[in-house]
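# Fold the stuff below for me.
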Amino acid sequence: MDLLLTHGYFMYEDPKELQIRKPYVPLGLLYLCSHLRRHGVDVEVFDTTFACRNDLYSTLQNNGPSVLGVYANLMTRKNVIEILKTAKRLGWKTIVGGPEPGSYAWEYLNAGADVVVFGEAELTLQELVPALWNGCALDDIAGIAFLHDGVLRETKQRPLIPDLNTQPWPARDLVDIPKYLKTWREAHGQSSVSFITARGCPYRCRWCSHQVYGHTHRRRKATLVVDEVEGLLSEYSPDMAWVADDVFTIHKGWLREYATEMRRRGLHLPFECISRADRIDAEVADLLRELGCFRLWIGSESGSQRILDSMERGVTVAQVQYANEICRERGIQTGMFLMWGYEGETIDDIEATIEHVKRSAPDIFLTTVAYPIKGTPYFDRVANNVVQIKSWAESSDREFAIRGRHSRHFYECADRLLKNEVALSRLSSSGAPTADLAPLRHEISVARSGLHLTAAEVEA
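Have a look, this model is predicted:
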């Protein structure tokens with residue numbers, strides 16, 4: 001084995017993930033595997049999803065030392081660092097990549113990584129793995145960072161793969177797909193698989209990380225994606241799919257081609273996906289319905305146009321409401337992502353968001369409190385006020401406080417107010433008796449009072 005790839009997501013060790021039970025295969029690692037196999041690298045995957053960390057450590061103990069590559073994101077930092085340290089202790093050469101390490105190259109190198117890979121990793125690993133095996137100098141390998149005599153060295157940026165159509169499908173044979181399908185069926189009554197049609201997002205929302213693909217968007221030919229969907233249906237017979245693109249409906253012409261080819265082959269696979277409200281119109285909604293989209297997720301973030309403009313979202317409140325409306329008319333569920341606490345947000349903006357959600361009437365809405373990801377314009381804007389709650393190795397970019405921002409209690413009150421206002425709106429629209437509305441009105445009063453009472457509480 002030239003290379004072992006792994007990641008830091010252990011579903012059975014995370015109570016919240018264990019409750020959700022909606023795992024998907026690590027597509028990024030599987031794309032790396034198929035590319036490297038094609039170029040003669042003997043690569044395997046240790047999928048941590050259904051394992052415990054001691055299983056991984058036993059594999060490192062009994063099958064090495066070799067070269068270990070670890071995928072890291074902001075939620076798995078702590079686990080990844082432990083994996084890197086264990087691998088180093090056992091004599092492995094270690095590589096780390098993904099959306100997180102590029103912003104923390106020095107920290108990861110000092111935590112146990114021999115090399116940090118920036119951006120897209122296929123072409124880089126194709127050169128890097130043989131170099132590590134042969135003890136070659138790394139200075140001429142583009143897209144990496146390493147330490148030389150304790151000094152950080154970063155090589156030149158590596159261009160992205162120009163044509164994704166030349167890339168093989170992800171090596172799904174290297175993970176236990178039946179176990180993923182079984183987990184879904186047992187928890188939700190249906191099985192689900194994932195695939196992507198494109199890489200990257202060209203938009204420039206100030207809080208969103210573009211560490212891996214930059215501000216690019218590269219899409220595979222529609223016929224080639226349909227080939228993969230047909231293969232998934234034939235091999236695994238899933239009940240539905242998650243299209244893991246950043247913005248699935250970004251190109252209407254491509255969506256037409258995709259729908260035409262699916263129709264021509266008589267294929268149908270229900271799915272959910274993410275898009276932007278400004279990329280949804282009546283024709284797109286019709287195509288989504290035909291294709292079997294049962295839920296469309298929209299990054300709404302706020303109901304205040306002032307805040308959306310500050311985020312540089314490039315979307316209007318009216319567009320979000322319209323997208324929800326035309327999807328609802330076609331029987332497509334909508335989900336909305338919302339963000340509290342972006343810089344400059346006031347109680348009036350929160351109230352505007354609540355009214356916006358009531359008017360949009362999504363089937364599901366999820367909230368988070370804005371967190372500054374290093375490497376983004378938002379992080380740079382608030383960096384002087386960012387307070388690290390725990391040590392870097394024990395935390396993530398979601399565990400910062402921002403000095404002077406409203407307290408978590410304040411945003412808990414905002415969540416409570418939003419939840420009950422929306423519930424009241426739905427019940428009122430359904431013609432529920434007045435007596436059924438009274439408890440919700442009481443909850444709304446308590447939550448709104450709490451919002452104002454905690455307005456003076458700030459973080460750090």
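
# wait, what's in contact with residue 376?
206, 207, 208, 209 (CB atoms under 8 Å, 6 or more residues apart in numbering). Just so you know, the C-beta spots here come from the backbone N, C-alpha and C atoms, and that holds for glycine as well.

# mind running it again at 10 Å?
Residues in contact with residue 376 (CB atoms under 10 Å, 6 or more residues apart in numbering) are 103, 204, 205, 206, 207, 208, 209, 210, 211, 397.

# Which parts of this structure belong to which domain?
As recorded under automatic domain parsing, the domains making up the chain are 3-154, 190-370.

# Including mean neighbour count, mean pLDDT and distance to residue 452, could these go into TSV?
As requested, the domains of the chain are exported to TSV (neighbours: other CB atoms under 10 Å; pLDDT from 0 to 100; distance: least, CB to CB, whole Å):
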stretch	mean neighbour count	mean pLDDT	distance to residue 452
domain 3-154	19	96	31
domain 190-370	18	97	7
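
# out of those domains, nearest to residue 411?
With CB to CB as the measure, domain 190-370 is the member of the domains of the chain nearest residue 411 (4.7 Å).

# surely residue 315 meets residue 301?
Yes - counting by CB atoms under 10 Å, residue 301 is a contact partner of residue 315 at 8.4 Å.

# In a helix, residue 212, correct?
No - assessed with DSSP: H, G, I helix; E, B strand; the rest coil, residue 212 is coil; it does not lie in a helix.

# Please tell me how far residue 64 sits from residue 138.
Between residue 64 and residue 138 the distance is 20 Å, computed by CB to CB, to the nearest Å.

# next one: residue 81
Going from residue 81 to residue 138 by CB to CB gives 22 Å.

# again, but for residue 99
From residue 99 over to residue 138 the distance is 22 Å, taken as CB to CB.

# Show me the helices in the stretch 151-300 of the chain, by range?
For the stretch 151-300 of the chain, the helices defined by DSSP state H, counting those that start in this stretch cover 177-188, 222-236, 252-265, 282-291.

# ok, residue 144 - contacts?
By CB under 10 Å, 6+ apart, the contact list for residue 144 reads 95, 97, 105, 114-119, 121, 124-125, 127-128, 131, 138, 153-156, 158.

# can you tell me which of these are in strands?
Among those, the members found in strands (DSSP state E) are 95, 97, 115, 116, 117, 153, 154.

# now the third one, which residues is it bridged with?
The residues paired with residue 115 through beta bridges, assigned by DSSP bridges, are residue 95.

# quick one: it and residue 84 touch, right?
No - taking contacts as CB under 10 Å, residue 115 lies outside contact range of residue 84: 11.0 Å.

# what sits in contact with each of these two?
Applying CB under 10 Å, 6+ apart, one finds that residue 115 and residue 84 are jointly contacted by 94, 95, 96, 108, 109.

# The stretch 201-350 of the chain: strands as residue ranges?
218-219, 240-243, 271-275, 293-301, 333-340 (DSSP state E, counting those that start in this stretch).

# Parallel or antiparallel, which strands does the fourth one pair with?
Take DSSP bridges as the rule and strand 293-301 pairs in its sheet with strand 271-275 (parallel), strand 333-340 (parallel).

# Rebuild the strands of the stretch 201-350 of the chain as a markdown table, extending it with distance to residue 71.
Below are the strands of the stretch 201-350 of the chain laid out as a markdown table (distance: least, CB to CB, whole Å):
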| stretch | distance to residue 71 |
| --- | --- |
| strand 218-219 | 20 |
| strand 240-243 | 18 |
| strand 271-275 | 20 |
| strand 293-301 | 23 |
| strand 333-340 | 23 |
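
# Out of the ones you listed, flag the one nearest residue 439.
Closest approach to residue 439 among these is made by strand 333-340 (23.9 Å; CB to CB).

# Contact partners for residue 166?
So residue 166 contacts 35, 38, 220 (CB under 10 Å, 6+ apart).

# what do you get for residue 278?
Counting by CB under 10 Å, 6+ apart, residue 278 touches 203, 247, 249, 250, 313, 314, 315, 316, 319, 320, 322, 323.
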